[in-house]
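> based on what follows, work out the 3D shape:
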Amino acid sequence: MSNTTNNNNSELPPIKSYSTREEALDDVNKWALPRGYAFTIRRSQSLGNERTKLLFGCDLKALKKVSAPMKEKGQGLRNKSSKGTGCNYSILCVQSLNKNSWEIRYREPWIDQSGTTIDYSCHNHPPSSGTGVEHPVLRRTQLKGERRDAVEKQYNAGNKPRSIQSYLKTNFPRDLAVAQDIRNAVAEFKRSRKNGRNCTEVLLTELEQKGWISRPIWYEDEPNRLLSVFFAHPRSIEYLQLYCKVLIIDCTYNTNSGEMPLFEVIGIDASSKSFCVSFEFLPGETEGDLIQALNHLNEMLGEDVRPGVILTDKAESIRSAVKAVFPEWKALLCIWHANKSVSEKCKGNFATAEEWDEFMKGWTSIVSSPTVEIYLEKVKKFKAKWTPTHLEDYMYIEQNWLDSRNRACIVSAWTNEYLHLGNTATSRAEGIHATIKRDIETKNIDLLYA
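Got it, this is the predicted structure:
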């Protein structure tokens, strides 16, 4: 491509000397910025005697040719063309003989084999807006020092790239960073944090350095492969030993690329505020996995703790695990999960919203019965009202929630015999799950960042 176009864009930076190559590149880019251009180090050449010559060229030099057909969305990574124009505008930056300085030099025009004159002092494209945001090299150069520290601090505080970008524009004048620059900087932080180690090594090392209690378990046939890891802060354990009358346990998913469920224990203090007791990444949610997690919790509780109440969902694996590890504790069922189950099973069988609301009102009235006598009376009325038209729905509730085992874990007439401090749902755990996931942009991350 010829570079003989004259668009009043043939100005060259002044010839100057610099103490370092970085200083030289930074200065010529400061010169180029208001003119709508930017330089990158295009090539490096050894001159002997450990001296170096650099070629500073226009950042639109690259000209990518796409030979394969363009892919549509959903067909994998798309072939994207470059913004490059094949611009040959460039200058030299040569190290001095004593290697103490670097000097800017101009390049002479050159005639190629086709007879075309290549003028290195002219651009073959119009200038950009002059703000610099169109030039990645300028954005990367600017995102250093104080700005980089600010990005790292904001990221460690849990802010997302878009929020960090807004913070930079508010606190740093003429900031050029876009969201992708922030994501690239975060990726660099992560690589630096690992320092050649795998994520499991970093996680366990940092837990130990920060004083957390951890219990990693490894696969027997693969000693270097993590099976599960329990972790808790010592202050949380101290708080647990003071306020252990009511515990909420639950698992959440989609927090890491290994698809390991995150088992969480929530406590409730004297002011009715929630606090996180412990976490454990498990290989699954089988009874054996949950017994292992509850054994770790039991270890943290100590021997002098009196039995209390544990709130769970209706999953048989967690109920069996609680019975095995905490046989003297009372396991109550989450009323929110019960209502959700009834709604999913029965709501579609009702023709009108009014009829459904009346059905649910009767069901919740049964659950909130303060005594056994009132409970039996309400069940009798509920059965008489709904069996003629919704026998299947009534039988579902009777067999799945009002049988002798489950009603003792959900109906107030029985649950009020235990000190649950008004907690009859695992919504506190669900809220903490939501907080955790809010700060996770994607589930395809490893345990270190989950």
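> and the strands in the stretch 1-150 of the chain?
If DSSP state E, counting those that start in this stretch is used as the criterion, the strands of the stretch 1-150 of the chain fall at 17-18, 39-48, 51-58, 90-95, 102-105, 110-111, 117-118.
> ok, which of those strands comes nearest A324?
Of all the strands of the stretch 1-150 of the chain, it is strand 39-48 that lies closest to A324, at 63.9 Å by CB to CB. The way it works is simple: take the backbone N, C-alpha and C, and place the C-beta from them, glycine included.
> in its sheet, what does the closest one sit against?
When sheet partners are counted by DSSP bridges, strand 39-48 sits next to strand 51-58 (antiparallel).
> if we go by neighbour counts, what in the partner strand is buried?
Taking 16 or more other CB atoms under 10 Å as the neighbour-count basis, strand 51-58 is seen to contain the buried residues 54-58.
> contacts for that strand next, please.
21, 24-25, 28, 37-47, 87-97, 99, 102, 123 (CB atoms under 8 Å, 6 or more residues apart in numbering).
> just to revisit the earlier point, now the buried residues of strand 51-58 as TSV including pLDDT?
Written out in TSV, the entries for the buried residues of strand 51-58 read as follows (pLDDT from 0 to 100):
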residue	pLDDT
L54	95
L55	95
F56	95
G57	94
C58	93
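> mind putting the residues you listed in CSV, distance to S236 included?
Rendered in CSV, the data for the buried residues of strand 51-58 read as follows (distance: CB to CB, whole Å):
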residue, distance to S236
L54, 55
L55, 58
F56, 55
G57, 56
C58, 57
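> now flag whichever of these is closest to W401.
Once CB to CB is applied, the member of these that ends up nearest W401 is C58, at 72.2 Å.
> what bridges to the closest one?
Beta-bridge partners, per DSSP bridges, of C58: F39.
> how near is it to D175?
Taking CB to CB, to the nearest Å as the measure, C58 and D175 are separated by 23 Å.
> give me the helices and strands touching the top helix by length along the chain, please.
The longest helix of the chain (DSSP state H) is helix 372-400. When contacts are defined as 3 or more CB pairs under 8 Å, 6 or more residues apart in numbering; DSSP states H and E, helix 372-400 sits against helix 335-346, helix 353-367, helix 412-415.
> what's the first helix or strand after that helix?
helix 404-410 (DSSP states H and E).
> list the buried ones in that next one?
Going by 16+ other CB under 10 Å, helix 404-410 has these buried residues: 406-410.
> just the C-alphas of that helix, formatted as PDB.
Below are the C-alpha coordinates for helix 404-410, written out as PDB (Å, rounded to 0.1, in the frame of the first residue of the first chain):
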ATOM      1  CA  SER A 404     -46.100 -37.400  61.100                       C
ATOM      2  CA  ARG A 405     -42.500 -36.800  60.200                       C
ATOM      3  CA  ASN A 406     -42.700 -33.600  58.300                       C
ATOM      4  CA  ARG A 407     -45.400 -31.800  60.100                       C
ATOM      5  CA  ALA A 408     -43.300 -31.900  63.300                       C
ATOM      6  CA  CYS A 409     -40.600 -30.000  61.400                       C
ATOM      7  CA  ILE A 410     -42.800 -27.300  59.800                       C
END
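> and it, what's its mean pLDDT?
For helix 404-410, the mean per-residue pLDDT is 93.
> and the contacts of it?
Outside helix 404-410, the residues within contact range by CB under 8 Å, 6+ apart are 314, 331-333, 335, 338, 367, 375, 400-401, 414-415, 424.
> which among the residues you listed count as buried?
Using 16+ other CB under 10 Å, the buried members of the contacts of helix 404-410 are 314, 331-333, 335, 338, 367, 375, 401, 414-415, 424.
> closest to P234 among those residues?
Of all the buried ones among the contacts of helix 404-410, A331 has the smallest distance to P234: 27.1 Å, by CB to CB.
> looking at this protein, which residue reaches furthest from the middle?
The outermost residue of the chain, judged by C-alpha distance from the chain's mean C-alpha position using CA atoms, centre = their mean, is G115 at 56.3 Å.
> gap between E417 and V411?
Using CB to CB, E417 is found at 11 Å from V411.
> where do the domain boundaries of the protein fall?
Dividing the chain into domains by automatic domain parsing, as the record does, gives the ranges 1-132, 201-334, 336-424.
> weakest of the ones you listed in terms of mean pLDDT?
Looking at those, the lowest mean pLDDT belongs to domain 1-132 (a mean of 82).
> so what's the gap between that domain and the chain middle?
For domain 1-132, the distance between its averaged C-alpha position and the chain's averaged C-alpha position is 38 Å (CA atoms, centre = their mean, to the nearest Å).
> how about stretch 311-325?
So, by CA atoms, centre = their mean, the centroid of stretch 311-325 is 29 Å from its chain's centroid.
> contacts only, for the nearest residue to W356 once chain neighbours are set aside.
The spatial neighbour of W356 that comes closest, neighbours along the chain excluded (CB to CB, 6 or more residues apart in numbering), is F350 at 4.1 Å. For F350, the contacting residues are 356, 359, 390, taking CB under 8 Å, 6+ apart as the criterion.
> swap in E299?
Counting by CB under 8 Å, 6+ apart, E299 makes contact with nothing.
> ok, so of the buried ones among the contacts of helix 404-410, who is nearest Q241?
Of all the buried ones among the contacts of helix 404-410, the one sitting nearest Q241 is A331; the distance, using CB to CB, is 20.5 Å.
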